[in-house]
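Engineer: Mind folding the following:
(one chain, ligands or ions: 1)
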Amino acid sequence: PHTTPKISFLECSIYIVYDKNLGTIGVLVEKQLDPKKYKKWNDDCGAVDGQNPFENRAGYDMMHAPLDAFAESDEESEDDSSENDCSDDKVDDDEVFTVADIPQAFSHFTYTYTKRKLLVCDLQGVLSTTTPPLFELTDPVIHFMSRRKMKSIFGRTDRGYKGRNDFFRTHKCSPLCRMINRRWIRKVGEHQRSSHLDDLEEQISNVAF
Ligand SMILES: [Zn+2]
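Structural biologist: All right, here's what the predicted structure looks like:
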């Protein structure tokens, strides 16, 4: 457990700067991650175990090392919602997952936890070897399932339902996905899980562009 990496996203700021040639521009500023260790952990359509976008491959020995196995005694039935969920996938019962499973399970978690309103993917960044280890991620893609058919709520990379479908077409649930679902998501009230997103579309449609 204390060896299981956590997921974090970099804090970022927007600096408004004046440039002699460009005039007033906004610049997104965040901590620089080590380019030698930078990699994609999943892409915006669910591909796994990313290729390093940089030439220099970081050799993650940890990558496929099994983490502490969890004893799973709880025999609750599978996720009750099966639309675009991976609950039909048969998962090995050995309850072992790898470091590479963590970003995949996180993406799946964001979808289930928000009651299928959004999916965070295209996870990229660095796995730091601090204690405990930490995924420092940046520049994710968020696909938002707009009931009002609004597009690009989270920017131009938001492909909504299509992005979601692409993700689940290739996503294979690991035991970690099931553990998160059983042990955590179900214990949080339905309302708490997505109420902060309920008015999002309305708020956005009220913004004058
Ligand atoms: Zn999954």
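
Engineer: only C-alpha atoms for contact and neighbour calcs from this point on.
Structural biologist: Fine.

Engineer: now the residue in the chain positioned nearest to the ion: how far from residue 101?
Structural biologist: At 3.5 Å from the ion, residue 173 is the closest residue in the chain, using CA to the ion. From residue 173 across to residue 101, the span is 8 Å (CA to CA, to the nearest Å).

Engineer: neighbours around residue 136, how many?
Structural biologist: If you count neighbours by other CA atoms under 10 Å, residue 136 ends up with 21.

Engineer: and it, what element?
Structural biologist: Assessed by DSSP states H and E, residue 136 sits inside strand 134-138.

Engineer: quick one: the strands in the protein?
Structural biologist: Under the criterion DSSP state E, the chain contains strands at 6-9, 12-19, 23-30, 39-40, 118-121, 124-128, 134-138, 141-144.

Engineer: Make JSON lines from these and add mean pLDDT and distance to the ion to it.
Structural biologist: Converted to JSON lines, the strands of the chain look like this (pLDDT from 0 to 100; distance: least, CA to the ion, whole Å):
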{"stretch": "strand 6-9", "mean pLDDT": "95", "distance to the ion": "16"}
{"stretch": "strand 12-19", "mean pLDDT": "94", "distance to the ion": "28"}
{"stretch": "strand 23-30", "mean pLDDT": "94", "distance to the ion": "30"}
{"stretch": "strand 39-40", "mean pLDDT": "93", "distance to the ion": "18"}
{"stretch": "strand 118-121", "mean pLDDT": "95", "distance to the ion": "12"}
{"stretch": "strand 124-128", "mean pLDDT": "95", "distance to the ion": "18"}
{"stretch": "strand 134-138", "mean pLDDT": "96", "distance to the ion": "18"}
{"stretch": "strand 141-144", "mean pLDDT": "96", "distance to the ion": "16"}
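
Engineer: ok, residues contacting the strand holding residue 136?
Structural biologist: 5, 6, 7, 8, 9, 10, 123, 124, 125, 126, 127, 128 (CA atoms under 8 Å, 6 or more residues apart in numbering).
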